[in-house]
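>>> Here is a sequence with its predicted model. Questions after.
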Amino acid sequence: MFGGYIQLGYNVLARRTDTMRLTPFYRFEKLNTHSGVPSGFSIDPARDRDFHTLGFEFKPLHGIVVKSDYQWQRNGARTGQNQFNIGLGYAF
């Protein structure tokens, strides 16, 4: 197994307010769950994946977040499917 990621983001409201945050972000992930397999098994190229994610998170109040992103998925078998995600979070 092999993998890693890097993510960049910046709170564009940092100079205007301390209570709200709006953070656009980009993340790149590389993941290969078949980087090595025991003898007698075949490496599945669909398990060698790259993800590019572009999105934002909005925190209107402390403990509440709304996130949305679009993810481009690529793999060695060329069967990756792109997806749109949206989420709501609350921490108490």
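Thanks, I have it.
>>> Give the pairing partners of whichever helix or strand Glu57 is part of; include direction for each.
Following DSSP states H and E, one finds Glu57 within strand 48-59. In the sheet, strand 48-59 lines up against strand 21-32 (antiparallel), strand 64-75 (antiparallel) (DSSP bridges).
>>> Name the residues of that strand that come out as buried.
Along strand 48-59, these residues count as buried under the neighbour rule (16 or more other CB atoms under 10 Å): 48-49, 51, 53, 55, 57, 59. Bear in mind the C-beta positions are built from the backbone N, C-alpha and C, glycine included.
>>> which residues sit against that strand?
Under the contact criterion CB atoms under 8 Å, 6 or more residues apart in numbering, strand 48-59 has outside partners 5, 9, 20-32, 34-35, 65-76, 80, 85.
>>> number of nearby residues for Gln24?
Actually, residue 24 is Pro rather than Gln. 14 (other CB atoms under 10 Å).
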